[in-house]
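> just coords:
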């Protein structure tokens, strides 16, 4: 698994919107805006090596069948396609798959994991979702859909943030700029919670996988602290949700502009919430009960 995935670049999206607020319900960080592509680039920089390390340890190799749920950008689907080769198969799905590439060795489908049935149930060696379930109100149903897609013995890898474990943008709150960053991080998380996100979901993953019928469940965490990718991700996120923050009265334009200027000036050591990666195996003997 040595090939480097192609990352989306700002401006790749065919029809970014003009920054109008998203509807009051649904996914806050939707794919319809140009900032989504910037977020995909930085999330890939921060987490793709972590994800692909887990994929390799789970035994995904030439000939494997993989389903990437809520793929967002093309980085992980392209890396999976390179890993499984021409004898394998990779399906990448999303509510809005327009950032994905139809000609990069994987199949693209529009799919709602919380509402639609599993594609090709009982056939996948790996099902993976990163930063997806935390935003899905009916997480149990979505998880059951992914489990049902696994072949007996197949592996499920779920990676989700736990923002309540570490709620700060700046751990070292030394002055007004850091205090402002932390206030705005709280405001963004308030918007996420209003849209149905579970800000404590990451810590529940091992139990959720066991309750879904998986065995050999284990988990680990990744905690990025500072650096250019964290800064760029923060700026893209703030620009993405700026209309909603203002409409909700959670901040004002002056505060947002000052925060973006502080990021640009390199004044902040920004960090992220821990990413919890959990994995488990569908037992061979339970095919009749999980299918």
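Looks like it arrived, so ask away. What you see is a predicted model, and the numbers here were worked out from it, not measured in a lab.
> C-alpha from now on. contacts and neighbour counts both.
Will do.
> Identify the residues contacting residue 81.
By CA atoms under 8 Å, 6 or more residues apart in numbering, the contact list for residue 81 reads 88, 89, 90, 104, 105, 106.
> Could I get the phi/psi values of it?
phi -60, psi -40 (degrees, to the nearest 10).
> that older thread, buried subset of the contacts of residue 81?
88, 89, 90, 105, 106 (16 or more other CA atoms under 10 Å).
> close enough to count as contact, the last one and residue 78?
Yes: with contacts counted by CA atoms under 8 Å, residue 106 reaches residue 78, the gap being 7.1 Å.
> any low-confidence regions in the stretch 101-250 of the chain?
By pLDDT under 70, the stretch 101-250 of the chain contains no weakly predicted segment.
> Enumerate the helices of the protein by residue range, in sequence order.
Secondary structure of the chain (DSSP state H): helices at 34-57, 75-84, 139-149, 176-194, 205-211, 228-247, 253-264, 287-290.
> The second one to helix 34-57, inter-axis angle?
It refers to helix 75-84. Relative orientation of helix 75-84 and helix 34-57, computed by axes from the mean of the first three to the mean of the last three CA atoms, to 10 degrees: 30 degrees.
> Ok, which of the helices of the chain comes nearest residue 170?
Relative to residue 170, the nearest member of the helices of the chain by CA to CA is helix 176-194, separated by 5.8 Å.
> Okay, angle between the closest one and helix 228-247 too, please.
Using the same axes, to 10 degrees: helix 176-194 against helix 228-247 is 70 degrees.
> packing partners for helix 176-194?
helix 228-247, helix 253-264 (3 or more CA pairs under 8 Å, 6 or more residues apart in numbering; DSSP states H and E).
> Name the single longest strand found in the chain.
Among the segments of the chain that qualify as a strand by DSSP state E, the longest is strand 150-161.
> Sheet partners, orientation included, of that strand?
Looking at strand 150-161 with DSSP bridges, its partner strands are strand 124-130 (parallel), strand 275-281 (antiparallel).
> Nearest to residue 175, out of the helices and strands packed on helix 176-194?
helix 253-264 (11.9 Å).
> Any chance you could list what contacts that closest one?
Contacting residues not belonging to helix 253-264 are listed as 177, 180, 181, 231, 235, 238, 242, 246, 268 [CA under 8 Å, 6+ apart].
> and these, which are buried?
Applying 16+ other CA under 10 Å to those flags 177, 180, 181, 231, 235, 238, 242, 268 as buried.
> May I see these arranged in TSV, with distance to residue 128 as well?
Formatted as TSV, the buried ones among the contacts of helix 253-264 follow (distance: CA to CA, whole Å):
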residue	distance to residue 128
177	37
180	35
181	32
231	26
235	27
238	27
242	30
268	33
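> Identify the farthest-apart pair in these.
The farthest-apart pair in the buried ones among the contacts of helix 253-264, when distances are taken by CA to CA, is 242 and 268, at 19.3 Å.
> For burial, what's the neighbour tally of the closest residue to residue 279 other than its chain neighbours?
Excluding the flanking residues, the one nearest residue 279 by CA to CA, 6 or more residues apart in numbering is residue 157, at 4.4 Å. Residue 157 is flanked by 24 other residues according to other CA atoms under 10 Å.
> ditto for residue 240
For residue 240, using other CA under 10 Å, the count is 26.
> now do residue 116
That count, for residue 116 with other CA under 10 Å as the rule, works out to 12.
> and if you look at residue 218?
Using other CA under 10 Å, residue 218 is surrounded by 16 other residues.
> Distance-wise, check it relative to residue 97.
In this view, residue 218 and residue 97 are 30 Å apart by CA to CA, to the nearest Å.
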